[in-house]
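*Asks:* sharing a model that was predicted from the sequence below.
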Amino acid sequence: MDMTTYLKSLMLAMRQYRDGRTAQNATQLQKLVKEVSGLKCDQLLSSGQVMPRECVRGLVELAGNPDTSPTLTSSVISLLAQLACDDDSLEILNSRYNLTSTLASVVHCRRASPEEPLVLQCLQLLQKLTYNTRVFQSSNYIHELVAFLMTNIQSHRDDIIVPCLGLMVNLCRDNRCVQRHIKSLDNVKTFYRTLLDFLDHNSLTVVVFTLSILASLTLNEKVGEKLFDATNIIQTFQLVFNIIVNGDGTLTLKYSVDLLVDLLKNAKIAEYLTRYQHFSACVSKVLGVLQSKDPDSAAKVLELLLAMCSVGGLRPLLCHVVFRPLAAPKLGATGPGQLGGASPGLALVLWLSSPVEGAEACSLQVLQLLNELLEEALEADSVSECVLSFVGGLLPPLLGLLSGLDPSLGDAHLRKHCHRVTHVTSLLLALCAEDSTRSLVSHQVSAHFALSQVEALLSCCHGNSPLACSPGDGLSQVCADALLKTLELMSKLRQQVEDMETSFYRMLQDQRMVTPLSLALTSHHRERVQSGLSLLFEATLIPDFPSLLLGESMAANNAFHMREAELSVKRVAVQEVPPSSTLDCSSRSIHSLVDRIQNGLELQENLKDSHVSQIIDVYEQKLSAFASKESCLQDLLEAKALALSQADRLIAQYLLERAQAEAEACELGSLLKEAERRCEDLQGELANQALEAELSKADIKELLQHNARLQQDSESHQVLKGGYNALLNRFNESERLLKELQAAHVSLTKQSDALRRNHQALQEQHQKTASGLQEKEEEVRGLRSDLQQRDSDIAGLRADLRVQDEKLQEKDREKRDLEETVDVLRKELNKTEQARKEASIKASSLEMKKSQLEARLKQKEDELSKHSSMIAMIHSLSAEAKSDVNLSL
């Protein structure tokens, strides 16, 4: 089956699955999704067909439905990821189907189990969708997606950290709304600390993602100033250049280039890079490996070089690196139209005509880069020889890009060719700004070449359809830009190239140039208007310039632009405000239904709940029918507005063609009158020529006779001349042989003398060598006797050495015995020391006890003395008492 049949079957299967979510329908739908995934789906969305877009709309609805099984959702997301194969498809998926919000809702529904393969699949597709795309904060589930990413980044699960960090980089880059939302969260400081911990991660991808997030959130704050100070930014420069040169995967390279491009927007960091001492060496290495990169990686590297060109301090450094010769070319290795392989810019030139698929974008980037660099190099006081040599080798491949136009390949090929022609001619115009390079261009570009380019572009613009050059068509504007750039180049070279001025003014007289000029003069871009005015100034000097047609074309373009503006305003109004009749009808019907439901509920309060629910179901069906009718009417209104705009564009184009046809008819009438007048003059001239022809016949006869005589003389002269030439050749040959033999004799004589001198010198050298050899033999004999004497001495010394070794072994044994004795004595000494310590401890304890006993003994003695004094006192008292008694007796 072809793709159309598969898509029809897929739409039918999706409709059946929506009507009945059975296992059989789900299996059938999943099988068809896998079959479509196995087909080649490149540029299916960007083809403009209706059926693929309807299928994608159904697939997005299936993926966003929470009731869809995870297996089917995974298959659908895989197919959507396969469809997102180019930039146009990604833009369509983002703008028309809002796939970002749908995938964010899938992640939000499964936020409790982030380790599921479906969640990782959604994150990977979201990272692909949001790369270089601004996501609006007002989109559905964006805040929930940011919270999910921050939570899982801080969870330290390696399987989900990388996709979460990559998606967070895309959401934060150049998006102030998302940045403000993240900074307003409560856990932002914890999030910052986690990111700072990731800077020591062993994966370069994680480090680059982390630096990108920190640059987006903190670059213009105090945290960012500390993080990207003069010391740390050097490490960042080294990291990015190492990734580009050594290669760490296309994903890491893309994000590292984006990181450096974002950092260069900061003036301080750009100044740091200007002062980076290894900048020239790094750029040389980058240019050296540029040819080995794939187109995507090369495009990112060229994007970085273009960003560096926007920094004023880096442009001269880049010019010095690109145009600097690495080494002197070898003799005969280069031709007049080659670069000789001696310039790092050779890698840029090779990408201009690279046969690799997908190299068209790289070619345009190279042209922009060379334009910037050559403008910088040509602004110097004097153009260096390196730059002139580079320009001389650049021109042949550059002019080769202007060929290869084939209108049968379609509008896409024509658009690419016109873009390429515009960039090439812009570069050639930059080269024409200086006299030395303009002379190089004038030697390569001929008038016939430029004229053929303009004719080819004009035939493509006017040979497809009547609407091919309408003002609303992007292709017509691209072709007009290429045409005007080519005419500007012809204007610059008209004084240096032969017949260029004639070709230039002849093309300005062509009525087909009216449309490109009118598009340029009515454009919104300043450069196009200036280019159109400069050519119009040259064209007004021509008497036959179709100024009337140009005015009518400009008026038609202005009317078209005004109509487009009005329709866009009406379209926005239609999208924001529904039609009044529909609103009134819907509001009346809704209010009547509400009143009837309320009255019915008041009158029938005792009815069952099931009856009320049935009534509500009926009204809901009616409401949904009214809503579907409203959407159909709105779609019909938009279709009518689009058809009206197309009709206005057709009318404007037909009026323009009618004015052109009338002008052509007037011009043809004047040409017819001029032809009739010239015909009459030619008839008179023809009669005069017939009379002169009769007179000339007699002269011709005489001349023929004289010619025959001269022919005979010429033949005899030729015979004599042949004999003379033969003798002269023989004489020259003999003289040449004589000179060769004389030269050979002289050379042989010189060789003989040289051989004789060499023979005498060799004999003398042989005698000297023989005498030296005898002396060396005598020295060898003396050395041999000395060697024998030394061998005997060595034998004696070896015997003495053995004796000394035996004595040394005995000393070692004695030493070991003494060491064992010393070890035993040390152990006994340690024991004695331990016993001494214990005895000293006991002695100290006994001393303490002794002091305590002495104190107690002294106390007892004091008490005893007190007691003895008391006893003596008692005895004395008793003795006095006895004496008194005795006296009384």
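*Replies:* Good, I have the coordinates. Numbering: from 1, shown residues only.
*Asks:* what about residue 638, neighbour count?
*Replies:* Look at residue 638: counted by other Cβ atoms under 10 Å, it has 14 neighbours. Placement of C-beta: from N, CA and C, glycine included.
*Asks:* scratch that, residue 454
*Replies:* Neighbour tally, residue 454, other Cβ under 10 Å: 22.
*Asks:* ok, now residue 302?
*Replies:* For residue 302, using other Cβ under 10 Å, the count is 24.
*Asks:* who's in contact with it?
*Replies:* Applying Cβ atoms under 8 Å, 6 or more residues apart in numbering, we find residue 302 in contact with 290, 351, 362, 365, 366, 369.
*Asks:* from those residues, pick the one nearest residue 750.
*Replies:* The shortest approach to residue 750 among those belongs to residue 290, at 56.9 Å (Cβ to Cβ).
*Asks:* secondary structure element for the closest residue to the closest one other than its chain neighbours?
*Replies:* The shortest distance from residue 290 to any non-neighbouring residue, by Cβ to Cβ, 6 or more residues apart in numbering, is to residue 347 (4.2 Å). According to DSSP states H and E, residue 347 maps onto helix 346-352.
*Asks:* dump stretch 257-272 to CSV, restricted to CA.
*Replies:* Only the C-alpha atoms of stretch 257-272 are listed here, as CSV (Å, rounded to 0.1, in the frame of the first residue of the first chain):
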residue,chain,number,x,y,z
VAL,A,257,27.8,26.3,21.1
ASP,A,258,24.5,27.8,22.3
LEU,A,259,26.0,28.3,25.7
LEU,A,260,29.0,30.2,24.3
VAL,A,261,26.7,32.2,21.9
ASP,A,262,24.5,33.3,24.9
LEU,A,263,27.6,34.2,27.0
LEU,A,264,28.9,36.4,24.1
LYS,A,265,25.8,38.6,24.4
ASN,A,266,27.3,39.8,27.7
ALA,A,267,29.8,42.5,27.1
LYS,A,268,32.1,41.6,29.9
ILE,A,269,32.4,37.9,28.9
ALA,A,270,32.9,39.0,25.2
GLU,A,271,35.8,41.1,26.5
TYR,A,272,37.2,38.1,28.4
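*Asks:* for residue 308, see how far away the residue nearest to residue 290 is.
*Replies:* 16 Å (Cβ to Cβ, to the nearest Å).
*Asks:* out of these two, which sits in the more crowded spot?
*Replies:* When neighbours are counted by other Cβ under 10 Å, residue 347 and residue 308 differ, and residue 308 comes out ahead with 23 against 20.
*Asks:* so what does that one have for phi and psi?
*Replies:* Dihedral pair for residue 308: phi -70, psi -30, per degrees, to the nearest 10.
*Asks:* need the contact list for the closest residue to it other than its chain neighbours.
*Replies:* Of all residues beyond its chain neighbours, the one nearest residue 308 is residue 314 (4.6 Å), with distances taken as Cβ to Cβ, 6+ apart. Applying Cβ under 8 Å, 6+ apart, we find residue 314 in contact with 270, 273, 274, 279, 308.
*Asks:* kindly report the same for residue 139.
*Replies:* 98, 100, 101, 104.
*Asks:* try residue 702
*Replies:* With Cβ under 8 Å, 6+ apart, residue 702 has no contacts at all.
*Asks:* wouldn't residue 210 be in contact with residue 193 here?
*Replies:* No: applying Cβ atoms under 8 Å, one finds residue 210 not in contact with residue 193, separated by 11.8 Å.
*Asks:* of these two, who's got more company?
*Replies:* Between residue 210 and residue 193, residue 210 has the larger neighbour count (other Cβ under 10 Å), namely 24 against 11.
*Asks:* now name the helix or strand holding that one.
*Replies:* Element membership for residue 210 (DSSP H and E) is helix 204-218.
*Asks:* now swap in residue 647 and tell me
*Replies:* Using DSSP H and E, residue 647 sits within helix 609-888.
*Asks:* mind checking which of the contacts of residue 302 are in helices?
*Replies:* Among the contacts of residue 302, the members falling in helices (DSSP state H) are 351, 362, 365, 366, 369.
*Asks:* neighbouring contacts of stretch 212-229?
*Replies:* Contacts for stretch 212-229 (Cβ under 8 Å, 6+ apart): 165, 168-169, 172-175, 179, 182-183, 192, 195-196, 236, 255, 258-259, 262-263, 266, 269.
*Asks:* so which bits of it are buried?
*Replies:* 212, 213, 214, 215, 216, 217, 218, 219, 224, 227, 228 (16 or more other Cβ atoms under 10 Å).
*Asks:* quick check, central residue of the chain?
*Replies:* Among the residues of the chain, the one closest to the centroid is residue 300, at 1.3 Å (Cα atoms, centre = their mean).
*Asks:* contact partners for that residue?
*Replies:* Applying Cβ under 8 Å, 6+ apart to residue 300 gives the contacts 253, 254, 257, 258.
*Asks:* from residue 132, how far off is it?
*Replies:* Distance from residue 300 to residue 132, by Cβ to Cβ: 11 Å.
*Asks:* how about stretch 191-207: buried residues?
*Replies:* Neighbour counts over stretch 191-207 (16+ other Cβ under 10 Å) mark 191, 192, 194, 195, 198, 204, 205, 206, 207 as buried.
*Asks:* include pLDDT when you put those into a markdown table, please.
*Replies:* As requested, these are exported to a markdown table (pLDDT from 0 to 100):
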| residue | pLDDT |
| --- | --- |
| 191 | 91 |
| 192 | 90 |
| 194 | 91 |
| 195 | 90 |
| 198 | 90 |
| 204 | 89 |
| 205 | 90 |
| 206 | 91 |
| 207 | 92 |
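*Asks:* want to throw the residues you listed into a markdown table with distance to residue 25?
*Replies:* Output for these, formatted as a markdown table (distance: Cβ to Cβ, whole Å):
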| residue | distance to residue 25 |
| --- | --- |
| 191 | 44 |
| 192 | 49 |
| 194 | 45 |
| 195 | 46 |
| 198 | 46 |
| 204 | 47 |
| 205 | 41 |
| 206 | 43 |
| 207 | 47 |
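*Asks:* what is the nearest of those residues to residue 772?
*Replies:* Of those, the one sitting nearest to residue 772 (Cβ to Cβ) turns out to be residue 204, at 68.2 Å.
*Asks:* quick one: secondary structure of residue 403?
*Replies:* coil (DSSP: H, G, I helix; E, B strand; the rest coil).
*Asks:* tell me the pLDDT at it?
*Replies:* In this model, residue 403 is scored at 82, pLDDT.
*Asks:* now residue 465
*Replies:* So residue 465 comes in at 38 (pLDDT).
*Asks:* do residue 418 as well
*Replies:* Note on residue 418: pLDDT of 89.
*Asks:* and it, how far from residue 401?
*Replies:* In terms of Cβ to Cβ, residue 418 sits 12 Å off from residue 401.
*Asks:* isn't residue 407 up against residue 414?
*Replies:* Yes: using Cβ under 8 Å, residue 407 is in contact with residue 414, at 6.5 Å.
*Asks:* out of the contacts of stretch 212-229, which sit inside helices?
*Replies:* If you go by DSSP H, the contacts of stretch 212-229 have 165, 168-169, 172, 179, 182-183, 192, 195-196, 236, 255, 258-259, 262-263, 269 in helices.
*Asks:* please, a PyMOL command that selects the buried ones among the residues you listed?
*Replies:* Selecting the buried subset of the ones in helices among the contacts of stretch 212-229 in PyMOL, with 16+ other Cβ under 10 Å as the burial test, is done by:
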select buried, resi 165+168+169+172+179+182+192+195+236+255+258+259+262+263+269
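*Asks:* by neighbour count, which of the contacts of residue 139 wins?
*Replies:* residue 104 (25 neighbours).
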